[in-house]
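Novice: generate coordinates for the sequence data below:
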Amino acid sequence: MTRRELLATLAAAALPAKAAPAAPVSIARCRTYDEDLAATLSTMMDQLGGLPRLVKGKTVTIKLNLTGDPGLRVKGMPLGVTHYTHPALVEAFLHLLDRAGARRVRLVESCWATAGPLEDYMLNAGWRVRRLMSAAAHVEFENTNALGQGKRYSRLKAPTGGYMFPAYDLNHSYEDTDVFVSMAKLKNHETCGVTLSLKNCFGITPAAIYGDDAGENEPNEKPGSGRGSVLHFGKRGPAKSAPQELHPDSPRQGGYRVPRVVADLSAARPIDFAIIDGVETIAGGEGPWIKGVRPVSPGVLVAGANPVSTDAVATAVMGYDPSASRGTAPFERCDNTLKLAEGHGVGSTDLKRIEVRGLSIAEAMYRFQG
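Specialist: Got it, this is the predicted structure:
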């Protein structure tokens, strides 16, 4: 660890837990996607203060988790019961948003290795797109891997200066909204230990700028790659049209870089509401490209208005300590994204400060690691 890294770590650790806000989190039992998901979600929303208060008359943007090529499957299973957000959950939430008076809803994702329409990507994944379109009065779709329907990228700054970049250039959808929802999957992650509502938003970075084949000076509006070279390993920088890395001498290692990028993004583009799908999912990694992943059925949904608090509770449901340091499961080879986001003042990981409504953590617990 360099002196600069040490000072950054100490600065984050020096912030008292009370400096970061906490908010209630709801946990609900949900064994299958055939249950009345809208009723379950509605109860959870009521436990958290009601959905109309948050969305009435507003534009709501939902970041889905559709990570990896739709052609890659875990044991040939449907994507929604393994590593993708389940479409039934999305449809149920759209119905609730419509009932709560949302003016417009936009579904977004930076689709793997393409800038094509999000609707086509969903169709390739086996989703019934027309059902989503009819679930609410005004539903839009945007692939945020490039410029998309916008005329320019939005530059969103990390208020505290950022760990990795001072600001990020993102698709307009992440600025052109009133309410930003992260709809994640309850999963392990090879690089970050867990991938929940915070890590889900790593995918808001456009490959046109941060991808392996991004233009050197300007965005490549037809990206066909992931973001490993830029954001995971730092072998190259983003397109020079975007803000450049703050500390080029920092470690070129995913377990250091990715958690800090995610923490930065959580401050630059705050998450207004988090929903974590743990009905059916996978353990051992984030997708079928990770050796040894296995299907699991925790049978839970987790939701909350503060993403750090929500992820802290979800991490505890998975059988882990959300405040654990690097070297302790699930953060054996990485820094703790939740603690880094807490260092930005986004939210608290202290379970003693988080009121859990619905099921208790003990009742919902499903240990992802034996």
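
Novice: enumerate every residue touching Gly255.
Specialist: Each residue near Gly255 by Cβ atoms under 8 Å, 6 or more residues apart in numbering is listed here: Thr191, Cys192, Arg326, Arg333, Cys334, Asp335. To be clear about C-beta, it is placed using only N, CA and C from the backbone, and glycine gets the same treatment.

Novice: mind pulling up the pLDDT for the first one?
Specialist: As summarised for this prediction, Thr191 has a pLDDT of 98.

Novice: check the secondary structure at it for me.
Specialist: Assigned by DSSP: H, G, I helix; E, B strand; the rest coil, the conformation of Thr191 is coil.

Novice: nearest spatial neighbour of it, chain-adjacent residues omitted?
Specialist: Of all residues not flanking Thr191 in the chain, Gly254 sits nearest, at 4.4 Å (Cβ to Cβ, 6 or more residues apart in numbering).

Novice: again, but for the fifth one
Specialist: Closest residue to Cys334 in three dimensions, ignoring its sequence neighbours and counting by Cβ to Cβ, 6+ apart: Gly255, at 3.3 Å.

Novice: secondary structure class for that neighbour?
Specialist: helix.

Novice: check for me that Ala263 belongs to a helix.
Specialist: Yes: with three-state DSSP as the criterion, Ala263 is part of a helix.

Novice: so who does it touch?
Specialist: With Cβ under 8 Å, 6+ apart, Ala263 has these contacts: Tyr163, Leu198, Thr337, Leu340, Ala341, Gly343, His344, Val346.

Novice: and the pLDDT for the second one?
Specialist: You'll see Leu198 listed with a pLDDT of 98.

Novice: what number of residues lie near it?
Specialist: 28 (other Cβ atoms under 10 Å).

Novice: where does it land in three-state SS?
Specialist: Put simply, Leu198 is helix when judged by three-state DSSP.

Novice: then the fourth one?
Specialist: With three-state DSSP as the basis, the three-state label of Leu340 is helix.

Novice: was I right about it contacting Tyr163?
Specialist: Yes: counting by Cβ atoms under 8 Å, Tyr163 is a contact partner of Leu340 at 6.6 Å.

Novice: now list whatever residues contact both of these two.
Specialist: Contacts common to Leu340 and Tyr163, judged by Cβ under 8 Å, 6+ apart, are Arg260, Ala263.

Novice: gap between the residue nearest to Cys334 and Ala137?
Specialist: 44 Å (Cβ to Cβ, to the nearest Å).

Novice: again, but for Leu186
Specialist: 30 Å.

Novice: swap in Gly150?
Specialist: From Gly150 to Ala137 the distance is 23 Å (Cβ to Cβ).

Novice: comparing these two, which residue is more hemmed in?
Specialist: Gly150 (16 against 13).

Novice: wait, what's in contact with that one?
Specialist: So Gly150 contacts Asn171, His172, Ser173, Asp176 (Cβ under 8 Å, 6+ apart).

Novice: try Leu107
Specialist: By Cβ under 8 Å, 6+ apart, the contact list for Leu107 reads Ile62, Leu64, Val90, Leu118, Leu132, Val139, Glu140, Phe141, Glu142.

Novice: return the subset of the residues you listed lying in strands.
Specialist: Taking DSSP state E as the definition of strands, the contacts of Leu107 contribute Ile62, Val139, Glu140, Phe141, Glu142.

Novice: can you give me the strands in the stretch 101-250 of the chain?
Specialist: In the stretch 101-250 of the chain, the segments counted as strands under DSSP state E, counting those that start in this stretch are 104-109, 139-143, 154-157, 167-170, 179-185, 187-189, 193-195.

Novice: of all these, which lies closest to Val279?
Specialist: strand 179-185 (9.6 Å; Cβ to Cβ).

Novice: pairing partners for the closest one, with directions?
Specialist: strand 59-63 (parallel), strand 273-278 (parallel) (DSSP bridges).

Novice: farthest-apart pair in the contacts of Gly255, please.
Specialist: For these, the farthest-apart pair by Cβ to Cβ is Thr191 and Arg326; their separation is 12.4 Å.

Novice: Lys157 against Ala167, yeah?
Specialist: Yes: at 4.1 Å, Lys157 counts as touching Ala167 under the criterion of Cβ under 8 Å.

Novice: joint contacts of these two?
Specialist: Common neighbours of Lys157 and Ala167 (criterion: Cβ under 8 Å, 6+ apart): Ala268.

Novice: relative to Ile204, which of the strands of the stretch 101-250 of the chain is closest?
Specialist: Closest among those, once you apply Cβ to Cβ, is strand 167-170, at 5.7 Å.

Novice: partners of the closest one, with directions?
Specialist: Strand 167-170 has the following strand partners under DSSP bridges: strand 154-157 (antiparallel).

Novice: the partner strand: which residues count as buried?
Specialist: Ser154, Leu156 (16 or more other Cβ atoms under 10 Å).

Novice: contact partners of it?
Specialist: Residues outside strand 154-157 that contact it (Cβ under 8 Å, 6+ apart): 166-172, 174-176, 242-243, 268-269.
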